[in-house]
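A.B. asks: Can you look at this prediction? I've put the sequence above it.
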Amino acid sequence: MSQDRIAGIDVATNSTDISNIINEMIICIKGKQMPEVHEKAMDHLSKMIAANSRVIRDSNMLTERECVQKIMKLLSARNKKEEGKTVSDHFNELYRKLTLTKCDPHMRHSLMTHLLTMTDNSDAEKAVASEDPRTQCDNLTQILVSRLNSISSSIASLNEMGVVNGNGVGAAAVTGAAAVTGAAAVTGAAAVTGAAASHSYDATQSSIGLRKQSLPNYLDATKMLPESRHDIVMSAIYSFTGVQGKYLKKDVVTGRFKLDQQNIKFLTTGQAGMLLRLSELGYYHDRVVKFSDVSTGFNAIGSMGQALISKLKEELANFHGQVAMLHDEMQRFRQASVNGIANKGKKDSGPDAGDEMTLFKLLAWYIKPLHRMQWLTKIADACQVKKGGDLASTVYDFLDNGNDMVNKLVEDLLTAICGPLVRMISKWILEGGISDMHREFFVKSIKDVGVDRLWHDKFRLRLPMLPKFVPMDMANKILMTGKSINFLREICEEQGMMKERDELMKVMESSASQIFSYTPDTSWHAAVETCYQQTSKHVLDIMVGPHKLLDHLHGMRRYLLLGQGDFISILIENMKNELERPGLDIYANDLTSMLDSALRCTNAQYDDPDILNHLDVIVQRPFNGDIGWNIISLQYIVHGPLAAMLESTMPTYKVLFKPLWRMKHMEFVLSMKIWKEQMGNAKALRTMKSEIGKASHRLNLFTSEIMHFIHQMQYYVLFEVIECNWVELQKKMQKATTLDEILEAHEKFLQTILVGCFVSNKASVEHSLEVVYENIIELEKWQSSFYKDCFKELNARKELSKIVEKSEKKGVYGLTNKMILQRDQEAKIFAEKMDIACRGLEVIATDYEKAVSTFLMSLNSSDDPNLQLFGTRLDFNEYYKKRDTNLSKPLTFEHMRMSNVFAVNSRFVICTPSTQE
């Protein structure tokens, strides 16, 4: 409770301090006043702050610090001291105390804004303090109220002059209407407080009026002294360029013009309304000036932003010229009036020295400049703190709004903005250089990327800076053109310039306005297309010709993707001993000679030596349990321009080589170990058929099953996946007109192969396939152990036969009891081993069958139709489907969506049966 009380006391103390500070600020500004007046000003200020504290302010509003500085400047001009200190110093101390209190910044900003308004109006309020208090209303209301106070005296003068009001009714009618309301209605006080004057409309009044008084005729009421009319018109002309005059002053907060309170009495209602209306042009002029000033911080950024600022200044210069012509015309009329040759009766409104410049003529003239300044302000406001393509896109959005003037204005601005952009594009596609100090070009160069990654990663698009009127395909062409020039200069060391370079640059820079054309059939687009075609063809000719890009792609397909079958077979045969050794005992130097021998012994010897020199064998870092098959791989080494083009695809080739090499490993185990050992031992173990016949039969069936699986896998991967897609790649490379088309087709070829080799699919497919391979290795180990036991038993039987033969030659027949018991014991142990071996074989077969079933399930649920068909081929006779209930179940709806197994006559399609009546 004590803490809550202390917190409450702090809040109350803080509020009291703030209230005292605000009271002293008001006294500094308005001076010491009556308590009632001071409390009224305090309440009014509190209401205004409460109403405006949460209002989002325009960017044109003054900041809190600027308001304080202007208040101090106005107070300093009074030269008034209190207690030895100036009023401005005292106000500054109060403001510092206010900032130290716990005051909301938004509330403090609103407070300073209203105090600035109070300071600006304090002198005028003192000048008119003796007048009617109703003059504290807005400017236009002050004029109307002041006119009511003098209406009684003006009625008599109008009657004498015979002036007719705006509705065509004579002054007598006005007098009669005024007579109905009584004398009290004529006075200003009765107009506000009288019961009869509480309404603005009177049924007996014959003309439209304010507070039961008729409106004056504007045409006749503006007939006043020539010098006064000239001053009013000159004040309006000055306001066009943001200059304050005798009758128009700027509001220090909003920046708009308002009527001078000291000179309101000299204006009629019509003149006041027209002046305020004409002053709007000056407000928008000041906004454009603010946006075109680089020191304000509201302008656009970069070279394209500077081009926009230059165009805004050009528009302002043209506008100033028009205003100067108005001023000259006004000066000529004044001079003519002094000389007595002014032709006031001339009805023609042309720019003649005898024509008088009036507010009505200014209203007719200012409409077009006002419309233009309003759109310039709107466009400049939308372009604040923007640069590059974002700036161009913002201005581009203002096109096609249905107004020809606005369209022409936006086109002129876009042409100016796109000038630096067109120069950057021409420098990039003609010289390969980037001149972008402000990072506003939509092509960027990454400094941290080396030359070897120039083609793929050095240059990229800066998408936020890409203008809306530059489509993505055009941006890619511009990117590729400059990138090709840098590739030719830095990697290929080609210094030749493009043909007709100067002509193309001249065409592009002279037609900058065509860059934002709706149809890409302009001369600028044609020049860009010409640069792209010439550069791309030059790069393609160099890479396909001297650097043999297509030959190297073919070599990588034959050796890294195992397309050269005889070479792979001889290589494995030469390295079979190294492949079975532990990884720590293998050295790359020994394998290099085996690789050269395999190249010389096969058709690979007829290949281009430049291709064969890029082929090498590497030994990866071994882990525990790794053998040669796990760490030996082939590598294709590229240098120079080829490295810049193909280096990014080398990791993909490395990933693809692993499953293909693993498949060759399984084929080698099946053919050179399991099957070959079975065929070689079948005749030798024929005498033991009764004991091992069951296991041998199951082994032969299991081996045939695995060989069928591996052969189908090899056929699918090597022929249907790699070979068929390679044929498609060759067709695309023959039709390609640019290097990008070849590289794109090659990248697509590799991605397709990744799917066909079960690399980029789900993890379950690759895992289940690896389990199948592990079961093949387990089978090879089981078979080695099985035949080892069989030959051990066979050798024991042969030894026993030899002993019997020797005893027969010596004339001793029969065996000893010890030998018979030993032999029976060994036979019993062998029989037990055969039973264990049979059970072990069944375990391996069961695990293999589960792995294959899982692999088939993954294929059937894949989203690739080729993998689905391959799963059907592996289980063409539904052998696994009958043995695994999961394969016989229908696919779920999710799996059907993934596998695209939809058919019109499918039982999963719900059909509504037709009803028969």
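C.D. replies: Arrived safely, thanks for sending. Keep in mind the model is a prediction, meaning the values are calculated, not measured.
A.B. asks: most distant residue from the middle of the protein?
C.D. replies: In the chain, residue 811 marks the outermost C-alpha relative to the chain mean, sitting 103.3 Å out by Cα atoms, centre = their mean.
A.B. asks: phi, psi of that one?
C.D. replies: phi 90, psi 10 (degrees, to the nearest 10).
A.B. asks: What does the pLDDT read for it?
C.D. replies: On pLDDT, residue 811 comes in at 73.
A.B. asks: can you give me how far stretch 409-419 is from the chain middle?
C.D. replies: Relative to its parent chain, stretch 409-419 has a centroid offset of 24 Å by Cα atoms, centre = their mean, to the nearest Å.
A.B. asks: For it, buried residues please.
C.D. replies: Neighbour-count burial for stretch 409-419, counted by 16 or more other Cβ atoms under 10 Å, picks out 409-410, 413-419. Using the backbone N, CA and C atoms, a C-beta is placed for each residue, glycine as well.
A.B. asks: And the average pLDDT for that stretch is what?
C.D. replies: Mean predicted lDDT for stretch 409-419 stands at 92.
A.B. asks: Give me the contact list for it.
C.D. replies: Applying Cβ atoms under 8 Å, 6 or more residues apart in numbering, the contact partners of stretch 409-419 are 304, 307-308, 310-311, 372, 375-376, 379, 391-392, 395-396, 398-399, 512-513, 515-516.
A.B. asks: re earlier: where helices are concerned, which of the buried residues of stretch 409-419 count?
C.D. replies: 409-410, 413-419 (DSSP state H).
A.B. asks: helices or strands up against the helix ranked longest in the chain?
C.D. replies: Taking DSSP H as the criterion, the chain has its longest helix at helix 763-810. Other helices and strands packing on helix 763-810, by 3 or more Cβ pairs under 8 Å, 6 or more residues apart in numbering; DSSP states H and E, are helix 650-668, helix 676-682, helix 689-715, helix 817-860.
A.B. asks: centre of the chain versus that helix, how much separation?
C.D. replies: The chain centroid and the centroid of helix 763-810 are separated by 67 Å under Cα atoms, centre = their mean.
A.B. asks: so it versus helix 689-715, what angle?
C.D. replies: 150 degrees (axes from the mean of the first three to the mean of the last three Cα atoms, to 10 degrees).
A.B. asks: so what pLDDT did residue 735 get?
C.D. replies: Here, the pLDDT recorded for residue 735 equals 90.
A.B. asks: Tell me how far the residue lying closest to it once chain neighbours are set aside lies from residue 470.
C.D. replies: Excluding the flanking residues, the one nearest residue 735 by Cβ to Cβ, 6 or more residues apart in numbering is residue 741, at 8.0 Å. Distance from residue 741 to residue 470, counting by Cβ to Cβ, to the nearest Å: 22 Å.
A.B. asks: In terms of neighbours, single out the busier of these two.
C.D. replies: Per other Cβ atoms under 10 Å, whichever of residue 741 and residue 470 has more neighbours is residue 470, with 19 against 15.
A.B. asks: which residues touch the more buried one?
C.D. replies: Taking Cβ under 8 Å, 6+ apart as the test, what residue 470 contacts is 389, 442, 515.
A.B. asks: Over to it. Which of the three states is it?
C.D. replies: Per DSSP: H, G, I helix; E, B strand; the rest coil, the local secondary structure of residue 470 is coil.
A.B. asks: Mind telling me what element residue 357 is part of?
C.D. replies: Assessed by DSSP states H and E, residue 357 sits outside every helix and strand.
A.B. asks: residues contacting the nearest residue to it once chain neighbours are set aside?
C.D. replies: Excluding its sequence neighbours, the residue lying closest to residue 357 (Cβ to Cβ, 6+ apart) is residue 330, at 4.8 Å. The contact partners of residue 330, by Cβ under 8 Å, 6+ apart, come to 230, 233-234, 237, 357.
A.B. asks: Go through those residues and name the one nearest residue 505.
C.D. replies: Taking Cβ to Cβ as the measure, residue 505 sits nearest to residue 237 out of those, at 46.8 Å.
A.B. asks: Confirm for me that the closest one is in contact with residue 326.
C.D. replies: Yes - using Cβ atoms under 8 Å, residue 237 is in contact with residue 326, at 5.4 Å.
A.B. asks: Common neighbours of the two, please.
C.D. replies: Common contact partners of residue 237 and residue 326 (Cβ under 8 Å, 6+ apart): residue 362.
A.B. asks: how about the strands of the stretch 1-150 of the chain, start to end?
C.D. replies: Per DSSP state E, counting those that start in this stretch, the stretch 1-150 of the chain carries strands over the ranges 81-82, 85-86.
A.B. asks: quick one: residue 794 and residue 21, what's the gap?
C.D. replies: From residue 794 across to residue 21, the span is 114 Å (Cβ to Cβ).
A.B. asks: Regarding residue 618, what is its secondary structure?
C.D. replies: strand.
A.B. asks: so what's it up against?
C.D. replies: Residue 618 neighbours (Cβ under 8 Å, 6+ apart): 588, 632-635.
A.B. asks: Which of the helices or strands spans residue 475?
C.D. replies: Taking DSSP H and E as the criterion, residue 475 maps to helix 472-490.
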